[in-house]
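K.L.:
coords below, sequence missing:
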């Protein structure tokens, strides 16, 4: 008995040691830890670079110093983070123990002269970041552009942003800064509106070989399931191609009803709905497509991305990326390179395929449809004069206004970007979201197109 | 530069600690004399030889008997054969058939000599020396194992001196002043002084156990000194008092029969210590367990723990009596009851677990049943008393992070700062857990973890556990069941208390506010721990070997063949 007691005591000690080892980084980085200054260990942290080696944040004389350009500081704040850990998906929050090179062996006990952080290089381009920030202007919103062949995120901006070198005192109270700690690309889910028609189209094209030839007569408004479904214009007789270009709600409402709850849910889930995504350790908000209790009218609206459908901008960009990449999206990432522990090895961001959303044939057909949509409804030059962009806008009704969406991709060898742009209360995709995307696309063409 | 030097010292500290602990336990393990039978009981009719291995051996038919005799006329617990300073004795422990020596029925404890015929029921046993070739075919070959070389104590103490110097050197570098140096020098001087006293005056051979206790006490004192030099002085004084208590205890328990004579007084002292506390005690920090006399505040419950071991332990012949057993249960019940009235829940739990250990150590056949019933009754009592506590004190147990600003504050900070310390610590005096309440007593494991690193903190735990393993290894070879029981229960008490303390602050058990043996700040606790250590020390037969030889000196060293079993003892002893 006494021996068992002693062995149990030893086992407890070992359990504690293992427990401490597993949680040490988390526990040591608690904000109440008096060993850490206000900068919570960042005084010796490594440098964060953008893809071209521009310093976004570094530690000089026990102080964390951010880029000298205020616009870049603001544009990158949701990626880089600030001294605190308020932005949960930022590199300085997620990778703080790596940046400070915290390890269980030394804890915080290393002499200052031996403290050396690990550097992190991001995939983003600070010039594009800046362009995106300016394009969003005073709007709240989010933009993400990523290379659909490699997965590198070149631009990820969320507004309202703030200056990490000079955090506004009223950030918690001023409504202009509402949600400033959120990276809306990852952490916000919005009603997708008409951009969701891409998913409905993919479902129809996958289920029915002749879906392309389905036609329907649109009168601008129609009663479905006892309530009206309305369109922005009267389209008359439309097939799939023109329905997408016209963004005809009645056509897609009927398509959704024809497919039914089960099939719609199946294809939505293939496209990443009802799930989270992980981007370099950051968990996104959940994209939702739940029609369990939907009536006939609800089901029609769900098919055009209204009802209770919600989607993160990141997922939206991934759907476009899937279409551009033959049906399977590449996983997006923002950490290009990170120094290893003890200054040893280096881990690099890798190109990884996500699960297939649609067949190659469906993706090719959708590319054709999105190309046609841009050509006939928006105008290729209006979207981008120097890149061949295929896309789809969305105007998501949210009761007191409408969010403006634009998603798509560039067919370009030098600039293979898939993107999603959302401007909160931007009213129309055409009027607000496309110009915002254009600013970044033109900048990207300038920098990457030979 | 200074920082780097301190860092290098921090890397050395755990290494030294592990080396010292290893050397000490290695010596304790292999420094012992090889055991073999000194005498044997021969059943000449059946040609069976029973080697007598222990100082106290039970004889009987029962499966728990040390010497098991397959004869239905022998009772389950028939008799006890004991070795004492002046020879071998046999006591009838309530057998039906009685015990006869050379045909004469015994009454009480009676001496036996080599060649005597002992009759138990139908079985007749002859007492012989183990190397007596009378029954040649039964003769056991005694294999002498090679004795392993152990490191001499002065070498171990030198490493310890280095360890203390490294610790205080780090304090010096970190604090920028020499505040801790006087403590260090006093500590080293006391350590060598105690060793000189033990080896020269008391002629004790081994010092490893005391060395380990000094190692733990000294580490605690230096940890305290790094934050509060005054408190550390009082802790040093407590350590010296503890050493004095240790020596007094060793003197008192040298003769177990003397302890047995005084047992009624010990019962009263145990109950009295707790009773006085209940009446005169001051409520400090949530439990009414302090008595304040002038500038001193004392925790009598710490000393009651020591006295309680006396209550539970007994010599084998006493152990079998119902009176002793009932006394033990009765005192246990009163003690736990008193502790509940004091709201000293931690100590109550310690008493309860010690009770279980002692019960286990004592249990024969019938006794197991009685003790099991008593344990159940006490367990129910315990649950009834705990109930109101669960709501108040234990609400944070298992969810300390949800109560980070309230009941879980101490545990959460222990986690944060242990994690900050890593394996080698942030440096003596540089910790932040020192600003949390009770950091040097209840949270000392966390403080050690933060400042000295996890390796050192774990090493302290393992050393305390090592005491228990050592005590258990002694149990079968000690001179009396009194020593076996008291050593194991003292070891068990220390380990359980350490578990309550350490697991309390790391949220594996509810936080009860008991001290970490030897290391925590607290004079009463320090003295009591040294007292408990004396029980373990006493169980090692080497402790009193010199004294026994001295007693034997007046006897002339003659050449005539020795017939008395007691002399056989002397022969092997040398």
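P.N.:
That came through, no problem. Only a predicted model underlies this, so the values are computations on that prediction, with no experimental measurement involved.
K.L.:
so where's the stretch 251-400 of chain B uncertain?
P.N.:
B:283-289, B:294, B:320, B:363-369, B:372, B:383-394 (pLDDT under 70).
K.L.:
do the helix or strand residue B:3 falls within and chain A meet?
P.N.:
In the assignment (DSSP states H and E), residue B:3 maps to helix B:2-30. Yes. For helix B:2-30, a contact with chain A is found by Cβ under 8 Å from any Cβ of the partner chain, at B:3-4, B:6-7, B:10. (Glycine included, C-beta is placed from N, CA and C.)
K.L.:
how deep is the residue of the stretch 351-450 of chain A found nearest chain B tucked in, by neighbour count?
P.N.:
At 32.3 Å from chain B, residue A:352 is the closest residue in the stretch 351-450 of chain A, using Cβ to the nearest Cβ. The number of residues packed near residue A:352 is 10, by other Cβ atoms under 10 Å in any protein chain shown.
K.L.:
what sits against it?
P.N.:
Counting by Cβ atoms under 8 Å, 6 or more residues apart in numbering or on different chains, residue A:352 touches A:151, A:330-331.
K.L.:
What distance do you get for the residue of chain A found nearest chain B to residue B:419?
P.N.:
As assessed by Cβ to the nearest Cβ, chain B sits closest to residue A:107 within chain A, at 2.6 Å. Plainly put, residue A:107 is 6 Å away from residue B:419 if you go by Cβ to Cβ, to the nearest Å.
K.L.:
joint contacts of the two?
P.N.:
A:24, A:28.
K.L.:
Now the terminal residues of stretch A:56-64, how far apart.
P.N.:
10 Å (Cα to Cα, to the nearest Å).
K.L.:
any idea which element the residue in the stretch 201-350 of chain B positioned nearest to chain A lies in?
P.N.:
When scored by Cβ to the nearest Cβ, the stretch 201-350 of chain B has residue B:350 as its residue closest to chain A, at 12.4 Å. Using DSSP H and E, residue B:350 falls within helix B:345-362.
K.L.:
Now name the helix or strand holding residue B:304.
P.N.:
Assessed by DSSP H and E, residue B:304 sits inside helix B:300-312.
K.L.:
Identify all contacting residues around the next helix or strand after that helix.
P.N.:
Next along the chain after helix B:300-312, taking DSSP H and E as the criterion, comes helix B:316-319. With Cβ under 8 Å, 6+ apart as the test, helix B:316-319 has contacts from B:56, B:58, B:80, B:82, B:91, B:93, B:109, B:260, B:324-325, B:362, B:364, B:480-481.
K.L.:
Among the residues you listed, which one lies nearest to chain A?
P.N.:
Distances from chain A to the contacts of helix B:316-319, taken by Cβ to the nearest Cβ, are shortest for residue B:362, at 11.7 Å.
K.L.:
burial of the nearest residue to that closest one once chain neighbours are set aside, as a residue count?
P.N.:
Nearest in space to residue B:362, with sequence neighbours left out and distances taken as Cβ to Cβ, 6 or more residues apart in numbering or on different chains, is residue B:319 at 5.9 Å. Per other Cβ under 10 Å, the neighbour tally for residue B:319 reads 26.
K.L.:
quick one: low-confidence ranges for the stretch 1-150 of chain B?
P.N.:
Within the stretch 1-150 of chain B, the set of residues satisfying pLDDT under 70 comprises B:32-37, B:64, B:132-148.
K.L.:
tell me what the helix holding residue B:350 is packed against?
P.N.:
Judged by 3 or more Cβ pairs under 8 Å, 6 or more residues apart in numbering or on different chains; DSSP states H and E, helix B:345-362 is in contact with helix A:2-28, strand B:287-293, helix B:300-312, helix B:322-341, helix B:366-392, helix B:481-505.
K.L.:
now whichever helix or strand comes after the last one and helix B:481-505, what's the angle there?
P.N.:
Right, the one you point to is helix B:481-505. Using DSSP H and E, the helix or strand that follows helix B:481-505 in sequence is helix B:523-539. Relative orientation of helix B:523-539 versus helix B:481-505 (axes from the mean of the first three to the mean of the last three Cα atoms, to 10 degrees): 140 degrees.
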